[in-house]
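>>> Predicted coordinates and the sequence they were generated for:
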Amino acid sequence: MEPLQSVMLGIIQGLTEFLPVSSSGHLVLLQNLLGLREPELLFDISLHIGTLIAIFIVFYQEIRNILQAMLRLPALIKSSGNLKSLFANNEEIRISALILVGSIPTAILGILFHKIADQIFGAVWIVGAMLLVTGTLLWFTRRMSIEGRPLIKVSIRDALMIGLIQGMAIMPGISRSGATISMALFLGINREIAGRYSFLLSIPAILGAMMLSLNSTIIQTDIPVRIILLGTVTAAIVGYIALKILLRLVKQGRLHYFAPYCWLLGAVTLIWSLL
């Protein structure tokens, strides 16, 4: 792998992992259009580590507060009287519980269907169809009011529904960020909270996907370490910029701006698959 290829793949990963246009869908299309083979496992994992770094940087304070609250959980339960009261009144504990609950349906779908998803990963027509679905979800968010429920009003049921649609993003062409943020908005959750929760929820999902990829697999690569690091750093930098842009657009109610792109790419992909 040449340095330029590493940088290009890092840019693609950083952009499409966060912008609601489906990173897996773009990977399938690029592989079929340009005749690229799937990146080696270690390099692919390194790119995902790069995007995780971007999430950790952007949400550093929130993640720090959550970890500190979890370490103090016994004392917090004692001071609040019971766990139910703590869940109702402590923001860090509440979002921790919502992330845990939301991760359950994602994990179940990932474990049950990741092998099936791998088998259909190269089906171009599926990518096209799912991009049309993603575009439609994004388009309907334009009707969502700026007012929405704060975190304290987000329920376990909300977390399960958002986690379920995140699990469905295993299908190439379904944008994980687009689907989860859209679902949160459809449930009447505040825009800023929807964006925050979507990406905090993505942390265990990305880590889980990486663990599934590593299952019974021996990591071997001939790619030099400097090339791997170049791709990782590129994905982290581009991902940071893309994530900040998306969060701003979500807060402004402009998530639907990406719908025409998804529709156009989906339609072109479906026509291409039929030729």
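Okay, I see it.
>>> ok, and the closest non-adjacent residue to Tyr240?
Ala54 (4.2 Å; Cβ to Cβ, 6 or more residues apart in numbering). C-beta coordinates here come from the backbone N, C-alpha and C atoms, glycine included.
>>> and the next element down the chain from the longest helix along the chain?
As assigned by DSSP state H, the longest helix anywhere in the chain is helix 91-120. With elements assigned by DSSP states H and E, the helix or strand that comes after helix 91-120 is helix 124-140.
>>> helices or strands next to that following helix in the packing?
helix 23-34, helix 176-186, helix 259-274 (3 or more Cβ pairs under 8 Å, 6 or more residues apart in numbering; DSSP states H and E).
>>> picking that back up, in the longest helix of the chain, which residues are buried?
Within helix 91-120, the residues scored as buried using 16 or more other Cβ atoms under 10 Å are 92-99, 101-103, 105-107, 109-110, 114, 117.
>>> Quick check: phi and psi at the residue nearest to Tyr240.
Backbone torsions of Ala54, given as degrees, to the nearest 10, read phi -60, psi -40.
>>> can you tell me which residues contact it?
By Cβ atoms under 8 Å, 6 or more residues apart in numbering, the contact list for Ala54 reads 14, 18, 235-237, 239-240, 242-243.
>>> run the last query once more with 7 Å
Shown in contact with Ala54 (Cβ atoms under 7 Å, 6 or more residues apart in numbering): 236, 239-240, 243.
>>> again with Gly178
Per Cβ under 7 Å, 6+ apart, neighbours of Gly178: 20, 134, 137-138, 258.
>>> Using TSV, please lay out those residues together with pLDDT.
Listed next are the contacts of Gly178 as TSV, based on pLDDT from 0 to 100:
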residue	pLDDT
Pro20	94
Thr134	96
Leu137	95
Leu138	96
Phe258	96
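>>> Hmm, Val101 and Leu201 touching each other?
No - here Leu201 does not reach Val101: they are 9.8 Å apart, not a contact under Cβ atoms under 7 Å.
>>> Could you count how many residues lie near the residue lying closest to Gly128 once chain neighbours are set aside?
Distances taken as Cβ to Cβ, 6+ apart place Thr269 nearest to Gly128, at 3.3 Å, with adjacent residues excluded. Counted with other Cβ atoms under 10 Å, the neighbours of Thr269 add up to 25.
>>> give the contact list for Thr269.
Counting by Cβ under 7 Å, 6+ apart, Thr269 has contacts 29, 124, 127-128, 131.
>>> Tell me the helices and strands packed up against the lowest-mean-pLDDT helix or strand in the chain.
One helix or strand of the chain scores below all others by mean pLDDT, DSSP states H and E: helix 23-34, with a mean of 76. Contacts defined by 3 or more Cβ pairs under 7 Å, 6 or more residues apart in numbering; DSSP states H and E place helix 23-34 against helix 3-18, helix 124-140.
>>> Go through that helix and flag the buried ones.
Neighbour-count burial for helix 23-34, with 16+ other Cβ under 10 Å as criterion, is recorded at 23-29, 31-32.
>>> Which among the helices and strands packed on helix 124-140 is found nearest to Ile77?
Of all the helices and strands packed on helix 124-140, helix 176-186 sits nearest to Ile77, with 27.7 Å by Cβ to Cβ.
>>> Mind checking the pLDDT average for that closest one?
Mean pLDDT, helix 176-186: 95.
>>> Check which residues of stretch 240-252 are buried.
So for stretch 240-252, counting by 16+ other Cβ under 10 Å, buried means 240, 242-243, 246-247, 249-250.
>>> Please export the C-alpha coordinates of that stretch as PDB.
Extracted in PDB, the C-alpha atoms of stretch 240-252 (Å, rounded to 0.1, in the frame of the first residue of the first chain):
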ATOM      1  CA  TYR A 240     -12.900  15.100  13.900                       C
ATOM      2  CA  ILE A 241     -13.700  17.800  11.300                       C
ATOM      3  CA  ALA A 242     -16.600  15.800   9.900                       C
ATOM      4  CA  LEU A 243     -18.100  15.100  13.400                       C
ATOM      5  CA  LYS A 244     -17.900  18.800  14.400                       C
ATOM      6  CA  ILE A 245     -19.600  19.800  11.100                       C
ATOM      7  CA  LEU A 246     -22.400  17.200  11.500                       C
ATOM      8  CA  LEU A 247     -23.100  18.100  15.100                       C
ATOM      9  CA  ARG A 248     -23.500  21.700  14.100                       C
ATOM     10  CA  LEU A 249     -25.900  20.800  11.200                       C
ATOM     11  CA  VAL A 250     -27.900  18.600  13.500                       C
ATOM     12  CA  LYS A 251     -28.300  21.400  16.000                       C
ATOM     13  CA  GLN A 252     -29.400  23.700  13.200                       C
END
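>>> Cheers, nothing more for now.
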